[in-house]
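> Below is the structure, and that's it, no one-letter string:
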């Protein structure tokens with residue numbers, strides 16, 4: 001249940017940050033509200049509603065913001081307030097790296113949730129096994145955070161591995177950036193849940209670049225282990241220089257399974273999650289290589 005003293009509705013990111021800093025008590029930025037509204041929190045005094053703050057967009061990264069190199073084309077700038085349904089419908093998202101982010105967006109819950117849930121919330125609420133983080137990790141995305149001192153770009157993997165340091169009170173995530181280099185990859189997303197619309201038991205994504213039948217670039221990531229979403233560096237290291245065939249991807253799945261230590265809960269045991277992570281990573285690699 002929410003028992004708030006204030007619900008603030010800024011019309012810009014700058015106003016949102018100012019209101020957050022000026023309002024007494026414990027606050028939270030919210031946009032779709034699909035996590036905080038049903039779960040509630042007795043410790044919240046106010047919410048800053050971002051739905052009118054102008055953070056819903058999908059567009060090419062500006063030249064001075066793109067981390068791509070010549071010939072790769074621009075990356076994508078994704079507003080943190082963009083609803084999941086718009087990501088699933090965007091042709092720009094579908095055209096990127098074999099459509100891995102499109103696949104992940106389409107796998108989020110059901111159309112009712114996708115029409116409310118936002119990219120920023122899906123990225124931040126990593127204590128849930130949300131679907132977008134593995135896809136964004138294999139695309140080597142970053143986030144643009146903003147506070148009263150200005151803006152700063154944070155690598156998404158660093159954000160998850162060192163969140164206490166990277167994400168400070170009052171920080172507002174305004175944008176997710178996907179580099180232009182991801183256009184040279186093909187990638188795929190896999191999800192396992194009790195039902196298609198259920199929260200993931202585990203999920204995974206993989207991205208590869210294959211040249212001459214061999215893997216020259218590889219990324220793999222998982223979520224749903226009871227820990228923050230994470231890249232699988234042992235899998236990535238193994239894949240470089242290997243043939244892009246079923247035997248290689250089966251071994252990569254085995255390495256993925258061995259490299260994680262999932263927790264158990266009411267949805268599944270850690271042992272089951274460990275086994276299925278290997279299966280999902282193998283499937284994602286096979287589909288990515290076929291694209």
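Thanks, I have it. Everything numeric here is computed off the predicted structure, so don't read it as measured data.

> Can you tell me the number of residues neighbouring residue 59?
For residue 59, the neighbour count with other Cβ atoms under 10 Å is 12. The way it works is simple: take the backbone N, C-alpha and C, and place the C-beta from them, glycine included.

> Pull the contacting residues for it.
Residue 59 makes contacts with 76, 77, 92, as judged by Cβ atoms under 8 Å, 6 or more residues apart in numbering.

> and it, which of the three is it?
strand (DSSP: H, G, I helix; E, B strand; the rest coil).

> for it, which residues make a bridge with it?
When bridges are called by DSSP bridges, residue 59 pairs up with residue 77.

> And for residue 243?
Applying DSSP bridges, one finds that residue 243 bridges with residue 214.

> how far away is it from residue 208?
Counting by Cβ to Cβ, to the nearest Å, the separation of residue 243 from residue 208 is 12 Å.

> same deal with residue 19?
For residue 19, the distance to residue 208 (Cβ to Cβ) stands at 44 Å.

> if you count what's nearby, which of the two comes out ahead?
A count of neighbours by other Cβ under 10 Å puts residue 208 above the other of residue 19 and residue 208, at 28 against 18.

> Where does the prediction get shaky in the stretch 1-150 of the chain?
Scanning the stretch 1-150 of the chain for pLDDT under 70 picks out the ranges 1, 63-72.

> Find the centremost residue of the protein, please.
residue 133 (2.1 Å; Cα atoms, centre = their mean).

> one step back: relative to residue 274, which of the contacts of residue 59 is nearest.
residue 76 (33.2 Å; Cβ to Cβ).

> How about the contacts made by that closest one?
58, 59, 60, 61, 92, 93, 96, 177, 178.

> contacting residues for the first one?
To tie it back to what came earlier, the one meant is residue 58. Shown in contact with residue 58 (Cβ under 8 Å, 6+ apart): 76, 77, 78, 79, 82, 86, 87, 90, 92, 93.

> taking the residues you listed one by one, which sit in strands?
76, 77, 78, 79 (DSSP state E).

> which residue sits closest to the third one, ignoring its sequence neighbours?
Spatially, and ignoring its direct neighbours in sequence, residue 78 is nearest to residue 176 (4.5 Å; Cβ to Cβ, 6 or more residues apart in numbering).

> what pLDDT does the residue lying closest to residue 227 once chain neighbours are set aside get?
What sits nearest to residue 227 in space, not counting adjacent residues and going by Cβ to Cβ, 6+ apart, is residue 263, at 7.4 Å. At residue 263, the model reports a pLDDT of 96.

> thought residue 263 was touching residue 269?
No. Judged on Cβ atoms under 8 Å, residue 263 makes no contact with residue 269 at a distance of 9.2 Å.

> and the residue lying closest to residue 133 once chain neighbours are set aside, how far is that from residue 122?
Leaving aside its chain neighbours, residue 133 sits nearest to residue 229 (3.7 Å; criterion: Cβ to Cβ, 6+ apart). Counting by Cβ to Cβ, the separation of residue 229 from residue 122 is 11 Å.

> so where do the helices sit in the stretch 101-250 of the chain?
111-114, 119-124, 132-138, 156-161, 163-166, 233-239, 246-258 (DSSP state H, counting those that start in this stretch).

> so which of these is the most packed in?
Stretch with highest mean neighbour count among these: helix 132-138 (a mean of 29; mean count of other Cβ atoms under 10 Å).

> What is it packed up against?
Applying 3 or more Cβ pairs under 8 Å, 6 or more residues apart in numbering; DSSP states H and E, one finds that helix 132-138 contacts helix 100-106, helix 119-124, helix 156-161, strand 186-192, strand 202-211, strand 214-223, strand 230-231.

> Go through the ones you listed and name the closest to residue 6.
With Cβ to Cβ as the measure, helix 119-124 is the member of those nearest residue 6 (20.0 Å).

> ok, residues contacting the closest one?
Outside helix 119-124, the residues that touch it by Cβ under 8 Å, 6+ apart are 30-32, 34-35, 50, 55, 78-84, 87, 108, 130-133, 136, 143, 156, 173, 176.

> could you measure the residue lying closest to residue 215 once chain neighbours are set aside against residue 281, distance?
Counting by Cβ to Cβ, 6+ apart, residue 239 is the residue found nearest to residue 215 once chain neighbours are left out, at 4.7 Å. Distance, residue 239 to residue 281, using Cβ to Cβ: 10 Å.

> Count the residues that sit near the nearest residue to residue 199 once chain neighbours are set aside.
Leaving aside its chain neighbours, residue 199 sits nearest to residue 129 (5.9 Å; criterion: Cβ to Cβ, 6+ apart). By other Cβ under 10 Å, the residues close to residue 129 number 24.
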